[in-house]
Structures are given as structure tokens and as C-alpha cells.
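Undergrad: Got a predicted structure plus its sequence, pasted below:
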Amino acid sequence: MSPTFDDPSIMAVYRYLTGAAESPRTGQRPTPANMPQRIQRPRSAADIARAEGLNLGDMNRGPRSHRRSGPRPQQRSALRVVMDRLLEAGCPRREAAELAGRWLQADPTPEGVQGWMDTIGVHRPDVALQLRLHDLGIEDLDVLVDGTLARRRLRDGEPIGQLIAALLTLRQPPA
């Protein structure tokens, strides 16, 4: 049994929200207009926003597909090449997929990634990224810093921030 309201406008809102229609008058046969309407439940927050006329920016694109959008075709081959090299180096498949993506952030070419891997190790894409962010390349690791190659200092565990500071200091001309 549905509740009744004294105010006809409140009753109309209730019927609208529940999908109920007015019942036929006594002695009349029910018509399709008297049948309750089926209300399609919104599938997402974007559907609700669209129905209410709200602008929620990117949410109004509608439901997203459950397929992950992978790398673009030209990047897919680079990802596959780097991932294969990591698998050859003995990385587990799951770790290789994640590392390959991080390596490609540091250097977009498989050849560049291979050079970095040979220089600083397979598991250190973050180091390569930090060096690249400071405009330092593989060749900068062949510089002597206090009598020791920068690459050696890096492999011996010197923090990357200290090494970057030392390399950038050596790059500056003396005042």
C-alpha cells in the first residue's frame, strides 16, 4: 500500500519518483497510462548527473569500457622489446611488465633503455629517470667525481641526489 499525501503536488512527486501512475477511477478499466512505469535504474554516477542536468566534466562521457587501454601501437612494440629483455635478465613476468613501463618513462627507445640497463642495472629505472630529468645521460656517468667514476659511485650505493649534485657542479664552469 502506498502512502497518501494531502498535498496533490507532493503526491505527484511521490508517484513520479516511484514510477506509479494514478489508479483508474471507480468503474473504469485500467489503461496503459494507469500502469506503473518502469524506471531504468542509472548504471553509473555519470547517468545520474546527466539525468539531473549536472555538468561533471569528464564523468559525462558515460560508462567506460572495462578493457584497459594499452599503449599505442608504436609504443607496444617498444614495451614488448623491453619486457622481453627484462624476462631474459630473469625478472618474473609481472615485475617485468611493471619495470618495462617505468623504463620507457625514463627513455622511450628500447636501445636507450638497454644502454641504461647495461650501465646502472636492470632494476633501477627511477635512477635513469632522475638523471634524465636533470639533463644527464649515460655518458655523464663516465665522468670522474673525486677520483671515482660516477657509474662506480652509483653502483656502490651513493644516493642519486648526491651524485646528480656532484655531476651538475662539475658541469658548471668555475667562477
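TA: Cool, the structure landed.

Undergrad: which SS state does Pro173 fall under?
TA: coil (DSSP: H, G, I helix; E, B strand; the rest coil).

Undergrad: Where in this structure is the helix or strand with the lowest mean pLDDT?
TA: Least confident helix or strand, the chain: helix 45-52 with a mean of 74, by mean pLDDT, DSSP states H and E.

Undergrad: can you give me the offset of that helix from its chain's centre?
TA: Centroid separation for helix 45-52 versus its chain: 24 Å, with Cα atoms, centre = their mean, to the nearest Å.

Undergrad: Quick check: buried residues in it?
TA: For helix 45-52, the neighbour count (16 or more other Cβ atoms under 10 Å) marks 46-47, 49-50 as buried. In this view, the C-beta of every residue, glycine as well, is placed from N, C-alpha and C.

Undergrad: out of the residues you listed, what pair is the most spread apart?
TA: Asp47 and Ala49 (7.3 Å; Cβ to Cβ).

Undergrad: just to revisit the earlier point, which one among the buried residues of helix 45-52 gets closest to Thr169?
TA: Nearest to Thr169 among the buried residues of helix 45-52, with distances taken as Cβ to Cβ, is Ala46, at 52.3 Å.

Undergrad: For Tyr16, see how far away the closest one is.
TA: Between Ala46 and Tyr16 the computed distance is 22 Å (Cβ to Cβ, to the nearest Å).

Undergrad: can you check Gln40 too?
TA: Noted for Gln40: a distance of 14 Å to Tyr16, by Cβ to Cβ.

Undergrad: Over to Thr31?
TA: 18 Å.

Undergrad: neighbour count winner among these two?
TA: Using other Cβ atoms under 10 Å as the criterion, Thr31 and Tyr16 rank with Tyr16 on top: 12 against 9.

Undergrad: so where does that one fall, helix or strand?
TA: Secondary structure assignment for Tyr16, by DSSP states H and E: helix 8-18.

Undergrad: so where do the helices sit in this protein?
TA: Using DSSP state H, the helices of the chain run over residues 8-18, 45-52, 73-88, 93-106, 110-120, 125-133, 150-155, 160-171.
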